[in-house]
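Chemist: next come a sequence and a model predicted from it.
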Amino acid sequence: MRRTLTPAAALLALAFAALAALPGCKSAPADDPILKLAAEESLATGKELLAREKYARARPYFEHAFEAEPNSVAGRTALLLAADTYYLEGGSSNFVQAEAKYRDYLNRFPTSEQAAYVQFQIANSLAKRMEKPDRDQAVTRKALEAYQELVRLHPTSEYAAQAKQQIEVVRANLAEHEFVVGRFYLRYGRPVGAVERFRFLLDSYPEYPERDKVIYHLGLAYRESDQVDASRETFERLKSEFPDSPYNDRVPELTQKAS
C-alpha cells in the first residue's frame, strides 16, 4: 500500500531537495578520484598542473591535500599553493579569494618561515584591487597598511625592499586621489575644501612628483576663497620653489585678479 505524505512532510521533503540542489551545499562525489589520493600524491598532481598554469584545475588537488593532512608539511604547502592559484589566475574576485586564503594560512601558521612571503602576497592581493585615483581608496589604504606591516615585522626579509617600492606606488595613488578631490572641490565652488585637500597633500606626501601643480591649484583655491594674501604668498612660493614650472606663466594674471 502506497503511503501518502502529510502536507508538512511534503514541504519538508521539498525543502531538503532544494537545499541539496544548491551549488554550495553539494558534497564531493564519493567516486571523486581526488579523494582517493594521499596528501602527498594530491600535492604532487596539483604542482604539475600549477607548472602548466592550470590554476583552476590544480586548486582542488591542493585543497584536498590540505584537508587530508592540515598540519603536515604537505598540508601547509598545499594551503599556500591554493592561495597562489587564486592570485596567479587573477581577476578581482580571485584576488579577494587569494587574500582570504593567505590570511587563513597566516592565522594558522603565524611562525611559518613563509610568513614574510604570505604577508607580501596579502598586500599584493589588495594592491591588485586598487581603484583609480578618482574612485574610493579604501582598498588602497589597506594595501598600504599591509605593505607597512611587512616592513615592520620582516625588515630583513627579501620581500621588504619590494614592499618599500610598492609603498611608493600606493602612496602615489593616494596622493593623486587627494589632488583629484581638491580639484573637484575647486571646480564646483568649494574652495575651502580644496585648500584643505591641497595642503594635506603637500604636507603628507612630500615625495609627490607634481608639487608645482598642487601649489598652483592651492593658490587658486585661496584666491577663490577670498584669502588674497595667502593666494599671493602661494604663487610666490611656486615661483621660488619651481622657477621653471609652466604654471608660473599663469600666475601674473591671477595675482592681479586677487589684488
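Modeler: It's in.
Chemist: next up, the contacts around the residue nearest the centre of the chain.
Modeler: The chain has L126 as the residue nearest its centroid, 1.8 Å off, counting by Cα atoms, centre = their mean. Going by Cβ atoms under 8 Å, 6 or more residues apart in numbering, L126 touches F95, E99, V139, T140, K142, A143, A146. To be clear about C-beta, it is placed using only N, CA and C from the backbone, and glycine gets the same treatment.
Chemist: in contact with the first one, which residues?
Modeler: Okay, so that is F95. For F95, the contacting residues are Y86, Y87, S125, L126, K128, R129, by Cβ under 8 Å, 6+ apart.
Chemist: how much space separates Y222 from R199?
Modeler: As judged by Cβ to Cβ, to the nearest Å, Y222 and R199 stand 10 Å apart.
Chemist: circling back: which non-adjacent residue is nearest the residue nearest to the centre of the chain?
Modeler: Nearest non-adjacent residue to L126, counting by Cβ to Cβ, 6 or more residues apart in numbering: A143, 3.7 Å away.
Chemist: how much space between the one you found and N124?
Modeler: Using Cβ to Cβ, A143 is found at 8 Å from N124.
Chemist: re the thing from before, who wins for most neighbours among the contacts of L126?
Modeler: Within the contacts of L126, A143 tops the neighbour count with 27 neighbours, counted by other Cβ atoms under 10 Å.
Chemist: joint contacts of A143 and N124?
Modeler: Common neighbours of A143 and N124 (criterion: Cβ under 8 Å, 6+ apart): Q166.
Chemist: in stretch 46-53, what counts as buried?
Modeler: G46, K47, L49, L50 (16 or more other Cβ atoms under 10 Å).
Chemist: name the element the first one belongs to?
Modeler: Here G46, judged by DSSP states H and E, is contained in helix 39-51.
Chemist: neighbouring contacts of that helix?
Modeler: Residues outside helix 39-51 that contact it (Cβ under 8 Å, 6+ apart): 34, 37, 55, 57-62, 64-66, 68-69, 72, 74-75, 77-78, 81, 84-85, 88.
Chemist: just those residues: which are in helices?
Modeler: Judged by DSSP state H, helices contain the following of those: 55, 57-62, 64-66, 68, 74-75, 77-78, 81, 84-85, 88.
Chemist: separate out the buried members of the contacts of helix 39-51.
Modeler: 34, 37, 55, 58-62, 64-66, 68-69, 74-75, 77-78, 81, 84-85.
Chemist: report how many residues lie close to A44.
Modeler: A44 has 14 neighbours, counted by other Cβ under 10 Å.
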